[in-house]
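In: Dropping a prediction and its sequence here:
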Amino acid sequence: MRDKILVLGQAGVGKRRLVDQVMASGVPINEGAVRLWTIDTKYFTAPVTFWLDTLPDKVEPGTVEAFDQVAEAVAALVFVFNPAHPATFARVEPWAAFCERHDIAVRLCVAMPATPTEDMFGDFQDHHQPTTVAPNLPPPVSTDPYEDWCIAHGFEFVDAALTPLEGDNPGDSKEGISRVREALETHTWESLQRKAPGTGGPTRPAPVHPDADVAGAFEAFLHGPGDLDEMVQALRQVRTHAQGLDNGSRQDLAALVAHAFLSRAGAEDDVDELRASGHHAPARFE
């Protein structure tokens with residue numbers, strides 16, 4: 001099922017902050033790299049999942065292609081960058097081809113101004129100042145170069161600094177974080193559940209996301225102790241909670257878990273062998 005939102009960007013560009021602000025009116029159930037959100041509008045609800053991934057400073061062969069096997073689950077790609085550092089925008093180029101290859105419906109490039117904390121520490125991890133020069137971009141005196149690239153490659157450019165999330169009037173053209181949310185809310189999600197006539201409106205509570213237990217178990221597996229026995233136990237928990245998912249969602253989760261297990265076990269040779277044989281797994285999650 002295409003109900004995933006892939007959020008990409010280098011360390012320190014504000015990916016988590018963006019997702020937090022977009023989810024402000026939703027029900028955040030999980031705080032890790034897998035974030036669950038139920039879109040709740042007047043006419044429908046749609047349980048969706050954010051996948052957050054930190055891109056490395058240096059692009060390795062196969063990094064983008066590693067996502068091909070889970071692309072069928074991705075309906076939206078949100079690339080986040082710091083407009084004051086053009087190098088953080090350079091990583092978007094190969095993702096344009098990914099979006100074309102897999103017909104990704106929602107494609108956003110979001111310019112997020114950094115906070116002092118992010119400048120110092122990144123997205124709660126070590127922040128390494130990017131050294132790559134962005135392709136054909138002048139010094140960031142304006143956002144025009146970014147907007148031009150987005151127009152040429154089928155992305156929508158959103159400047160998150162334009163307007164605050166609060167204060168938008170109905171019917172106004174949305175900007176900033178409000179526009180990111182609007183773009184996601186107006187997509188026709190495969191997980192969409194229409195509301196019965198007369199039951200819409202903001203007073204109706206959002207349903208619990210069906211993948212909440214799965215996401216919690218997966219986060220425990222990703223960030224739990226490194227002891228092999230405990231890793232296997234965490235993996236069993238993921239498997240148990242995944243029994244209630246549809247076949248497509250189970251396949252997506254299996255691909256993520258396989259790569260995470262190999263990475264946590266230190267089986268780099270196995271990962272290389274998988275990639276060499278054409279069976280790619282997603283890159284690391286933050």
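Out: Looks like it came in fine.

In: mind showing which ranges of the stretch 1-150 of the chain have poor pLDDT?
Out: Filtered on pLDDT under 70, the stretch 1-150 of the chain yields the residue ranges 25-32, 116-141.

In: Now with 50, please.
Out: Scanning the stretch 1-150 of the chain with the threshold set as pLDDT under 50 gives 26-28, 119-122, 124-134, 137-141.

In: Do a quick rundown of the helices in it.
Out: Assigned by DSSP state H, counting those that start in this stretch, the helices in the stretch 1-150 of the chain fall at 15-22, 93-102, 116-121, 144-153.

In: out of the ones you listed, which comes closest to residue 177?
Out: Among the helices of the stretch 1-150 of the chain, the nearest to residue 177 by C-beta to C-beta is helix 15-22 (4.7 Å). In short, each C-beta sits where N, CA and C put it, glycine included.

In: what packs against that closest one?
Out: strand 4-9, strand 44-54, strand 74-81, helix 176-185 (3 or more C-beta pairs under 8 Å, 6 or more residues apart in numbering; DSSP states H and E).

In: Domain boundaries for the chain, per the record?
Out: 4-194, 212-276 (automatic domain parsing).

In: Kindly check the end-to-end length of the first one for me.
Out: By that I understand domain 4-194. Start to finish, the residues bounding domain 4-194 are 19 Å apart (C-alpha to C-alpha, to the nearest Å).

In: can the helices and strands packed on helix 15-22 go into a markdown table with extra columns for mean neighbour count and distance to residue 148?
Out: Conversion of these to a markdown table gives the following (neighbours: other C-beta atoms under 10 Å; distance: least, C-beta to C-beta, whole Å):
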| stretch | mean neighbour count | distance to residue 148 |
| --- | --- | --- |
| strand 4-9 | 24 | 20 |
| strand 44-54 | 21 | 26 |
| strand 74-81 | 25 | 15 |
| helix 176-185 | 21 | 18 |
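
In: My read is that residue 35 contacts residue 52, right?
Out: Yes. With contact defined as C-beta atoms under 8 Å, residue 35 reaches residue 52; the gap is 6.8 Å.

In: Overlap of the contact sets of those two?
Out: Common neighbours of residue 35 and residue 52, using C-beta atoms under 8 Å, 6 or more residues apart in numbering, are residue 19.

In: residue boundaries of the strands in this structure?
Out: Ranges of strands in the chain, per DSSP state E, are 4-9, 34-40, 44-54, 74-81, 106-111, 156-159, 193-194.

In: With distance to residue 142 as added columns, please give the ones you listed in JSON lines.
Out: Below are those laid out as JSON lines (distance: least, C-beta to C-beta, whole Å):
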{"stretch": "strand 4-9", "distance to residue 142": "20"}
{"stretch": "strand 34-40", "distance to residue 142": "32"}
{"stretch": "strand 44-54", "distance to residue 142": "27"}
{"stretch": "strand 74-81", "distance to residue 142": "15"}
{"stretch": "strand 106-111", "distance to residue 142": "11"}
{"stretch": "strand 156-159", "distance to residue 142": "10"}
{"stretch": "strand 193-194", "distance to residue 142": "42"}
